[in-house]
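Colleague: Quick one: sequence plus predicted model below, questions after.
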Amino acid sequence: MQARGAGTTGSRTRRALGAGVSAVLGLCLAPAALAAPAHAAPPPGVTGTPECPEAYPAADLTAGQVLTGRTVSRGTAPEDFTATVIGVLRDGIGPGVDMVLVDVDAPAVTRAGGIWSGMSGSPLYADDGRLVGAVSYGLAAGPSPIAGVTPAAAMQALLAAPAARSAVGAVRLPQAVQQRVVASGGATRGQAAGGLRALPVPLAVSGVSSARLAAQPDRLAERVPGARPYLAGTSGATATGGAETVVPGGNVAFALSNGQFSAAAVGTVTAVCGAEVLGFGHPFGWSGATTQAMRSAEALYVQPDSLGAPFKVANLGPVVGTGTQDRLAGVRGTLGPLPATVPLRTSLRPSEGGPVRTGTTEVVSPSFLPTAAFYHVVGALDATADRLGGGVVETTTTVRGHRPDGRSWTLRRSDLHASTEGSAGEAPVETAFGVASSLEQLIGNEFERVTVDEVSVEGTTSEEYRDLTVVGVKVRAASGRWVAAGDGPVRLVAGTRAQVQVLLRPYRSTATVTVPLSVVVPAGSAGSAGEMWVGGGDAGYGFAGSLLVDDLGYWAGDEPEGPEGFDEVLAAVQDAPSGDSVVAELALLPDVECDDEECYVDDEDEVEPVLTSGTARTGAVTWGGRSIDVEVVAPRAARAAVVSGGLWSLRSGLASGPSTVVALGRASDRPLLGDWDGDGTRTPGLFRDGAWHLRDAVGGRQRAAFGFGGAGDVPVVGDWDGDGADEVGVYRSGTWLLRDEASAGPATVRLAWGDGSMRPVVGDWDGDGRDEPGLFHDGTWRLRSDASPTGTTTRVRYGARGDAPVAGDWDRDGADGVGVVRAGTWHLRGSGGRTLRFAYGRPGARPLVG
């Protein structure tokens, strides 16, 4: 049998399909990639240039018509081949876009067993030099010389950036058409029965091992459906030739990222119209108007594949322009200007010693950033550790960007992951997944189209495995008793922070360490019950809600509300639990009755869950967890107190009740009430020119004496850190100096807020278990969200000039309300708006709240 060659029809008999074929095929062909250099000049009467010729109407093609094509199977120089028209498939590519069916004849096609992935875009010309279209689709079942061609007119429409069209889904060929395709000799009966579909896009990638690529294919598959990844060189210098090789029939690549992790689809140039390049004849990712890096490429060989489509293996060349369109009929790029990129940098070192390894990926397509980050980071960590197996990866990720109004934002997040001995090295994968997930949440937020300007990941790898396992959990009850997980429901107080102790056992040790943390018991949650889950950051997150589902058999109420703006999205990503943390999650349902063994929901139809959480870092990857049943009770009632001339009167209640009267201190002292030991009861204290004297009970002994502040300062008391015990502070002419303990030492918080004309007041305004600063001046209250410089202020009007401000939980909902005392009469407004008025104390006495 005579071998088929370029420009010959070969010895194989070809039969044309009938004219009716074009009306019934809704092809399911696959993008292949053909490349070709410049064609001969068109004859007289035909417009265009050799690189950008006039389109040949698909309707004018006839069965048996022989076309000339150009493509590259090796190197950069295109070679001629021939193709014989079988027929035209009306709307074969999509509505309004026909497909030309041809039988390709070339030595390279014979060697490969059929047309190959990477041949997509190879131009086909009529005898008069006009461009018929680009080889771009192939039979679905196995290799074959039968190809689908995207008409030139549809591709040239890309120069006007058309709107995207809808493609016809994959269909089988009608029986009559199958018979004619088989009769042409270009396909077997089984191949014809399989129909036509898009060929995989050869995707040249670098910077990640073949093992990781095979084990983690989903991210590339989601971003570039149908792609066929293969490992290529990392540098453009590995391929010969630059822009001069981007000619009709020549190689071309469209890249989503370049550098350490490169990802580029390799195909063929169909036409070059001035600086505009058309190629592929089918979409790359079908992203419409896009930004990609257009690169030259050098074909190394075509890999045969007896089961699927052969594919071209190529090295990437330098960036020669910018891809601008990714449409149904093909891709378009512009030679010359280079695309803007987002730098993704890593700086990693092995903790056992060795050089710092740095790498940079320039991400061209913003939507590809999470995918590029995943493969870049996992590849960089593998290269740094130079092994698979047990170990620890510790990283800090910094992401900088800006918002549509130009304001900048920054995410800085540290994380730690570990792989056990004998594993395949999960820590690099988990680390890379964390970086990619953070980027996905930021870029994909539903509130603003934010821009990422740069990403950096710094860290270390260690071969020494270490971890911590949760072996016990204790929660402090409202009574002050510590209750262990498994010992029955623990009672918590609404509007406080539940104090938790987590017992952890280090890897290969019998000793234990204890890590404290706290979780908000929301204000207004008295009467509710539920579960608290305490576990490691690498053990999972979101268990508390699922525990309620397991216990009750249904999810009670709506899912908790998500973020309400980009600031909250950024905060959620920033504060998400790390692998080296313990997490306490509290899930509560209102209107629940509990006995000693279990809890019951009163009304299944109207309950909605309340979820809160708290975290603490442990310094090692933490696994395991425990759950404990909880029920929430109301806080103790606030108590009114007055001090005059060293004589204290402390009521047992707020608006009524007997008083305890004791003499304590001097008339010049500043009297105070605080919960110094965290037992839920406020006891007296005195401030005298910077000296603090604290008592353990009304009329009891002195428990502490220390210095903090000075003469002229105004003392303030509050639970600044939410640990359940009050700490000290002073207000000095507009400056707050707060300490994290009731003891001597430097201020841990310094806040400039207010002036000398304002009176400081402290309260838990939002019921989160932490006290916040407040100011009172002539009936206007300024309530701060927290003591940080970025805290916000809420203004409330209540009282008048000359009133003495007081704050307390007047309605026992867990959040403090405001109040004033005027000539011995107390005027109080709860956090819910209710007011209370009563008389207690003489005019001029100093009011306190216990």
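Modeller: Good, I have the coordinates.
Colleague: got the end-to-end distance for stretch 688-702?
Modeller: Stretch 688-702 stretches 15 Å from its first residue to its last (CA to CA, to the nearest Å).
Colleague: One more: stretch 755-762?
Modeller: End-to-end distance (CA to CA), stretch 755-762: 16 Å.
Colleague: next one: it to chain centre, how far?
Modeller: Computed by CA atoms, centre = their mean, to the nearest Å, the chain-centroid distance of stretch 755-762 equals 43 Å.
Colleague: Report the buried residues of it.
Modeller: For stretch 755-762, the neighbour count (16 or more other CB atoms under 10 Å) marks 758, 760-762 as buried. Any C-beta I mention is one placed from the backbone N, CA and C, and that applies to glycine too.
Colleague: Can you tell me which of those is nearest W116?
Modeller: Comparing these against W116 with CB to CB picks out V762 as the nearest, at 74.8 Å.
Colleague: And the nearest residue to S831 once chain neighbours are set aside, how far from G779?
Modeller: Excluding the flanking residues, the one nearest S831 by CB to CB, 6 or more residues apart in numbering is A815, at 4.1 Å. Counting by CB to CB, to the nearest Å, the separation of A815 from G779 is 21 Å.
Colleague: Please apply the same query to R508.
Modeller: 64 Å.
Colleague: Pick out whichever of these two has more residues nearby.
Modeller: G779 (15 against 8; other CB atoms under 10 Å).
Colleague: That one against G799, yeah?
Modeller: Yes: G779 is within contact range of G799, at 4.4 Å (criterion: CB atoms under 8 Å).
Colleague: Return every residue with contacts to both of the two.
Modeller: Listed as contacting both G779 and G799 by CB atoms under 8 Å, 6 or more residues apart in numbering are V820.
Colleague: circling back to that earlier point, including pLDDT, could the buried residues of stretch 755-762 go into TSV?
Modeller: Shown next, in TSV, are the buried residues of stretch 755-762 (pLDDT from 0 to 100):
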residue	pLDDT
M758	97
P760	98
V761	98
V762	98
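Colleague: Quick one: list the elements packing against the helix or strand where A314 lies.
Modeller: Element membership for A314 (DSSP states H and E) is strand 311-327. Using 3 or more CB pairs under 8 Å, 6 or more residues apart in numbering; DSSP states H and E as the contact criterion, the elements in contact with strand 311-327 are strand 201-205, strand 227-231, strand 251-259, strand 263-273, strand 288-303, strand 330-335.
Colleague: And the ones you listed: which comes nearest R795?
Modeller: strand 288-303 (47.1 Å).
Colleague: and the strand holding A314, C-alpha only, in CSV?
Modeller: Only the C-alpha atoms of strand 311-327 are listed here, as CSV (Å, rounded to 0.1, in the frame of the first residue of the first chain):
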residue,chain,number,x,y,z
PHE,A,311,-1.0,14.9,21.8
LYS,A,312,1.7,17.3,21.1
VAL,A,313,4.5,17.8,23.7
ALA,A,314,6.1,21.2,23.5
ASN,A,315,8.4,23.5,25.4
LEU,A,316,7.2,27.1,26.0
GLY,A,317,9.0,30.0,24.5
PRO,A,318,9.0,33.7,25.6
VAL,A,319,5.9,35.8,26.1
VAL,A,320,5.2,37.6,22.8
GLY,A,321,1.9,39.3,23.5
THR,A,322,-1.4,39.3,25.3
GLY,A,323,-4.4,36.9,24.8
THR,A,324,-7.6,39.0,24.7
GLN,A,325,-10.4,36.7,23.6
ASP,A,326,-11.4,33.1,24.4
ARG,A,327,-14.5,32.3,22.5
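Colleague: in this structure, what spans have low per-residue confidence?
Modeller: 1-48, 140-141, 161-199, 234-239, 306-307, 422-425, 538-561, 591-609 (pLDDT under 70).
Colleague: can you give me the helices in it?
Modeller: Remark: helices assigned in the chain by DSSP state H are 107-112, 152-156, 175-183, 189-193, 210-215, 218-223, 369-385, 426-443, 543-552, 566-575.
Colleague: Now G565. Nearest residue, chain neighbours left out?
Modeller: Closest to G565 by CB to CB, 6+ apart is F447, at 5.3 Å.
Colleague: ok, back up a step: list just the nearest of the buried residues of stretch 755-762 to D305.
Modeller: Of the buried residues of stretch 755-762, the one sitting nearest to D305 (CB to CB) turns out to be V762, at 73.8 Å.
Colleague: gap between that closest one and F776?
Modeller: In terms of CB to CB, V762 sits 11 Å off from F776.
Colleague: cool, E585 as well?
Modeller: With CB to CB as the criterion, E585 and F776 are 37 Å apart.
Colleague: Contact partners for V246?
Modeller: 252, 269, 272, 277, 294, 296, 320-321, 335.
Colleague: Among those, name the buried ones.
Modeller: For the contacts of V246, buried by 16+ other CB under 10 Å: 252, 269, 272, 277, 294, 296, 320-321.
Colleague: Tell me which two in the residues you listed are the farthest apart.
Modeller: For the buried ones among the contacts of V246, and using CB to CB, no pair is farther apart than V272 and S296, which are 12.6 Å apart.
Colleague: how about the helices of the chain, which one is nearest G87?
Modeller: helix 175-183 (8.1 Å).
Colleague: Show me which of the buried residues of stretch 755-762 is closest to A108.
Modeller: V762 (81.8 Å).
Colleague: Name the nearest residue to that closest one, ignoring sequence neighbours.
Modeller: Going by CB to CB, 6+ apart, V762 has G718 as its nearest residue, at 4.2 Å.
Colleague: State the distance from that neighbour to E727.
Modeller: Applying CB to CB to G718 and E727 gives a distance of 7 Å.
Colleague: number of nearby residues for the residue nearest to P350 when sequence neighbours are not counted?
Modeller: What sits nearest to P350 in space, not counting adjacent residues and going by CB to CB, 6+ apart, is T461, at 5.2 Å. Other residues near T461 come to 28 when the count uses other CB under 10 Å.
Colleague: The residue nearest to G565 reaches V569, doesn't it?
Modeller: Yes: F447 is within contact range of V569, at 7.0 Å (criterion: CB under 8 Å).
Colleague: Can you work out which residues contact both of those two?
Modeller: P563.
Colleague: check contacts around the residue nearest to S831.
Modeller: Counting by CB under 8 Å, 6+ apart, A815 has contacts 495, 523-524, 764-767, 809, 831.
Colleague: quick one: which of the residues you listed is nearest A752?
Modeller: Lowest distance from A752 to these (CB to CB) belongs to W765, with 19.7 Å.
Colleague: Just want the phi and psi numbers for the closest one.
Modeller: Note on W765: its backbone torsions stand at phi -70, psi -30 [degrees, to the nearest 10].
Colleague: Around it, count how many other residues there are.
Modeller: Considering only other CB under 10 Å, W765 is surrounded by 25 other residues.
Colleague: Quick check: closest non-adjacent residue to it.
Modeller: Computed as CB to CB, 6+ apart, the closest residue to W765 that is not its neighbour in sequence is L783, at 4.7 Å.
Colleague: circling back: put together JSON lines for the buried residues of stretch 755-762, with distance to W286 on each row.
Modeller: Output for the buried residues of stretch 755-762, formatted as JSON lines (distance: CB to CB, whole Å):
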{"residue": "M758", "distance to W286": "62"}
{"residue": "P760", "distance to W286": "62"}
{"residue": "V761", "distance to W286": "61"}
{"residue": "V762", "distance to W286": "59"}
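Colleague: re the thing from before, the residue nearest to V762 against V761, yeah?
Modeller: No: in terms of CB under 8 Å, G718 does not count as a neighbour of V761; the distance is 9.9 Å.
Colleague: Next up, the contacts around the nearest residue to R703 once chain neighbours are set aside.
Modeller: Spatially, and ignoring its direct neighbours in sequence, R703 is nearest to D696 (4.1 Å; CB to CB, 6+ apart). Shown in contact with D696 (CB under 8 Å, 6+ apart): 676-677, 683, 702-703.
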